[in-house]
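In: fold the following for me, if possible:
(one chain, ligands or ions: 1)
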Amino acid sequence: MTAVENAFRWARIHAGRHMAACEQTGLRWSETTITEIVTAHTSRAVNVVPFTQRAEALSGADWVWWWVDNTGAYGMLVQAKRVTVTRSKWNFDFGYEARSATRSQREVLRSAAAALDLLPVYALYLGTGDYRRWERCPDFHLSGRCTQCVKRTVSLMPALLADELLVSDAASTYERSVALEDVWRRPTSAPLIPALEKQLSPELSDFLRNRQDGTRAIARSMIDRVLRTRSGQFSAVSATVESDRYGDHDQLGPVFGDVPDDTGHWGLRYFEHTLNPLRHTPPGYVLEITAGNFNEDRLASDMPSNVAGIVVVRVPQHE
Ligand SMILES: [Zn+2]
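Out: Numbering: from 1, shown residues only. Below you'll find the model as predicted:
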């Protein structure tokens, strides 16, 4: 296990211990505390730049996460959401609106992610396995203390899939999300519906059909969840393919220029939405952070006000 993998594992273990201690006392652990624990423990192995002047004033603090490796980079804007379990019903309150706010947290996340060319993502804090009543996970669930269930304590879900009405129990939550510490696990072939397969460029087809590594495995873990949900929708596939709107495949643009136009039930071109943040090269501010040569105040002033800081992870590669 690499230092990064180990740090993510320990971040989840410490988050789980705090959740367990709170649950035993009837305390309700908060998203802010769990975010602190996860960020602090991963910071042993990744670059973390908190915007210290800003953090205290914020209620819905979102974090920019960039995953980088030798082949490219994938960027997310991450908002934390805890689950509330009532018998077998799971609730996340994705559309939460603070009393003083003019926009919901969801809208703030989406617009900031779009402005920064990042994928909006929820970090789901699911509590301990006991809190979830050890409901069956889809990953070789074991009775007793299922390891896969425990890993799900901190999970990632593309915000596109965070539909309040449809994400309402263990099965729907697990299907649309991935454990944070498994986000780079090398996926096999993506769940594609046949009408879409015909629309894929050779590069995109190769990306979706074959195992990927590093940042590309992370991008696959997101698009695979989107495609699996899409295959459960009944709407017809849009017939066109976006013809290379970015012109040349320059080194600063997205990795995939030609992607299907299909929108599914979302009314949004979900290939573009999910894959645009996959880049050949990370943006300049990420390079500055990894080089240790940045100005926190200037970085903060370039970001929307809901951003609490930036995390840059050098993704383990296995090939
Ligand atoms: Zn399980």
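
In: got the contact list for the longest helix along the chain?
Out: Determined from DSSP state H, the single longest helix within the chain is helix 3-25. With contacts defined as C-beta atoms under 8 Å, 6 or more residues apart in numbering, helix 3-25 is touched by 1, 27-29, 33-34, 37-46, 125, 127-128, 130-131, 150-151, 153-154, 179-181, 313-316. To be clear about C-beta, it is placed using only N, CA and C from the backbone, and glycine gets the same treatment.

In: check contacts around Q79.
Out: Each residue near Q79 by C-beta under 8 Å, 6+ apart is listed here: G60, D62, Q105, L109, P120, V121, Y122, A123, A159.

In: and it, what pLDDT?
Out: pLDDT recorded at Q79 is 96.

In: E242 now?
Out: 64.

In: how far does the strand of greatest length in the chain sit from the chain's center?
Out: Across the chain, the strand with the greatest residue count (assigned by DSSP state E) is strand 73-82. From the chain centre to the centre of strand 73-82 is a distance of 5 Å (C-alpha atoms, centre = their mean, to the nearest Å).

In: between helix 3-25 and it, find me the angle.
Out: 10 degrees (axes from the mean of the first three to the mean of the last three C-alpha atoms, to 10 degrees).

In: listing partners with orientation, what would you give for strand 73-82?
Out: Paired neighbours of strand 73-82 in the sheet (DSSP bridges): strand 62-68 (antiparallel), strand 119-125 (parallel), strand 278-279 (antiparallel).

In: could you point out which element follows the shortest one?
Out: Read it as strand 278-279. helix 284-290 (DSSP states H and E).

In: which other helices and strands does the next helix or strand after that next one contact?
Out: Per DSSP H and E, the first helix or strand lying C-terminal to helix 284-290 is helix 296-301. In terms of contacts (3 or more C-beta pairs under 8 Å, 6 or more residues apart in numbering; DSSP states H and E), helix 296-301 is packed against helix 284-290.

In: which secondary structure elements does the helix it packs on sit against?
Out: Using 3+ C-beta pairs under 8 Å, 6+ apart, helix 284-290 is in contact with strand 47-50, strand 62-68, helix 296-301, strand 307-314.

In: tell me which of the ones you listed is the most buried.
Out: With neighbours taken as mean count of other C-beta atoms under 10 Å, these reach their highest mean count in strand 62-68, at a mean of 25.

In: got the contact list for it?
Out: Residues external to strand 62-68 that are found in contact with it (C-beta under 8 Å, 6+ apart): 35, 39, 73-79, 108-109, 112, 116, 118, 121, 184, 214-215, 218, 282-283, 286, 290, 303, 306-315.

In: before we move on, the earlier item: angle of the longest helix of the chain against strand 307-314?
Out: Orientation check (the same axes, to 10 degrees): helix 3-25 against strand 307-314 gives 130 degrees.

In: ok, L299 to the ion distance?
Out: Computed with C-beta to the ion, to the nearest Å, the distance linking L299 and the ion is 39 Å.
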